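Engineer: A structural model of the following input is requested.
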Amino acid sequence: MAIKIGISPIAWQNDDLPDLTADYTMEQCLREAREIGYTGVERGRRMPQDTEGLRSYLGANALDLCGGWCSGSLMVSDVATEKDAVREQVEQFVALNAPCIVYAECSNTVQGDINTSVNNRPKVDRDGIRTYAGRLTELAKWMADQGMTLAYHHHMGSMIESEEDINHLMDFSGPEVTLLFDTGHLDFGGGDVLRVLDRWGDRIRHVHYKDIRPGVVRDVRENNRSFLDAVIAGAFTVPGDPDGSIDFAAVTDRLKAMDYSGWIVVEAEQDPAKAAPYEYSKIGYDHIRALCDRAGLTVDTREPNHA
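Structural biologist: Numbers count the residues shown, from 1 in each chain. The predicted structure follows:
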């Protein structure tokens, strides 16, 4: 099985901060992503919402659907209600052969509130996470029965942010709940990237490669800035940027050792006025290709289908 390299449209088309990327179109994003070499993109809000429309839209650039965000509400909804809320996305992702749904609890998150410090995120104790994990497992089992994998996204500003949060969620949930391993969010959240990878490698089904700029992260923490403030200030960047601090060579070597196969997705929310989307996305792709080659991981580099 080969590694596939995908990208989130967020550098060109930021769904949380649309004004930040107003000068860029989704069509430009897909065209440039495929030109760089990416073979998949995660779903963005400004893509067609219907399944056949999305299939044609991605197919025009020979791109696969390599996942996509799902805002969960299991802290306030019962499992039956949540199934109804996500059913349409599950059916669409199954139809388009997406590897997973990227699920995160958003009923109580502060990640989209520019007026709330990321330090003031919701925190749930061990027993609360145990209860939540039980409901999440029910939902993930149902998704698996439909042919779709639930990959949980630990995220800044959310109730599952820290390494301890991740450990509790994985400990208390069933194997149907898999982990989206996001290097940038984990590092920003104070976790040990390699330790989490070593501990939960058998549960990881999707990977986001995202670096951080430590000085910006430190300023956000010390001055109680919001997650969106962090994005605007440049807390995140692509792998291969010398401003970053994460050892992606070590991460890639670990993925090779655990026989990981699937998607590695570049997701680096940045201000395009400071970080040109094409330039930085190419840096990220080229760096991942080089690291995979070095680690002995085969990369899917299929040629575009112009039919």
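
Engineer: can you map out the strands along the stretch 101-250 of the chain?
Structural biologist: For the stretch 101-250 of the chain, the strands defined by DSSP state E, counting those that start in this stretch cover 101-105, 150-153, 177-182, 204-209, 211-212, 236-237.

Engineer: As JSON lines, those with mean pLDDT, distance to D219 and mean neighbour count would be great.
Structural biologist: The way it works is simple: take the backbone N, C-alpha and C, and place the C-beta from them, glycine included. Formatted as JSON lines, the strands of the stretch 101-250 of the chain follow (pLDDT from 0 to 100; distance: least, Cβ to Cβ, whole Å; neighbours: other Cβ atoms under 10 Å):
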{"stretch": "strand 101-105", "mean pLDDT": "98", "distance to D219": "25", "mean neighbour count": "24"}
{"stretch": "strand 150-153", "mean pLDDT": "98", "distance to D219": "24", "mean neighbour count": "26"}
{"stretch": "strand 177-182", "mean pLDDT": "98", "distance to D219": "21", "mean neighbour count": "24"}
{"stretch": "strand 204-209", "mean pLDDT": "98", "distance to D219": "23", "mean neighbour count": "23"}
{"stretch": "strand 211-212", "mean pLDDT": "98", "distance to D219": "12", "mean neighbour count": "25"}
{"stretch": "strand 236-237", "mean pLDDT": "97", "distance to D219": "14", "mean neighbour count": "26"}
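
Engineer: Redo these as TSV? Include distance to S56.
Structural biologist: Output for the strands of the stretch 101-250 of the chain, formatted as TSV (distance: least, Cβ to Cβ, whole Å):
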stretch	distance to S56
strand 101-105	21
strand 150-153	26
strand 177-182	27
strand 204-209	25
strand 211-212	34
strand 236-237	31
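
Engineer: closest one to P18 among the ones you listed?
Structural biologist: strand 236-237 (17.3 Å; Cβ to Cβ).

Engineer: Find the residue at the geometric middle of this protein.
Structural biologist: H208 (5.0 Å; Cα atoms, centre = their mean).

Engineer: who touches that residue in this structure?
Structural biologist: Neighbouring residues of H208 by Cβ atoms under 8 Å, 6 or more residues apart in numbering: S8, L180, F181, D182, T183, G184, H185, V265, V266, E267.

Engineer: Leaving out sequence neighbours, find the closest residue to it.
Structural biologist: Excluding the flanking residues, the one nearest H208 by Cβ to Cβ, 6 or more residues apart in numbering is D182, at 4.0 Å.

Engineer: The one you found contacts A268, correct?
Structural biologist: No. Applying Cβ atoms under 8 Å, one finds D182 not in contact with A268, separated by 10.9 Å.

Engineer: Show me where this structure has its helices.
Structural biologist: 26-36, 51-59, 79-95, 126-146, 163-172, 183-188, 193-200, 214-222, 227-233, 248-257, 277-295 (DSSP state H).

Engineer: Highest mean neighbour count across those, which stretch is it?
Structural biologist: Counting by mean count of other Cβ atoms under 10 Å, helix 183-188 has the highest mean neighbour count of the helices of the chain, with a mean of 24.
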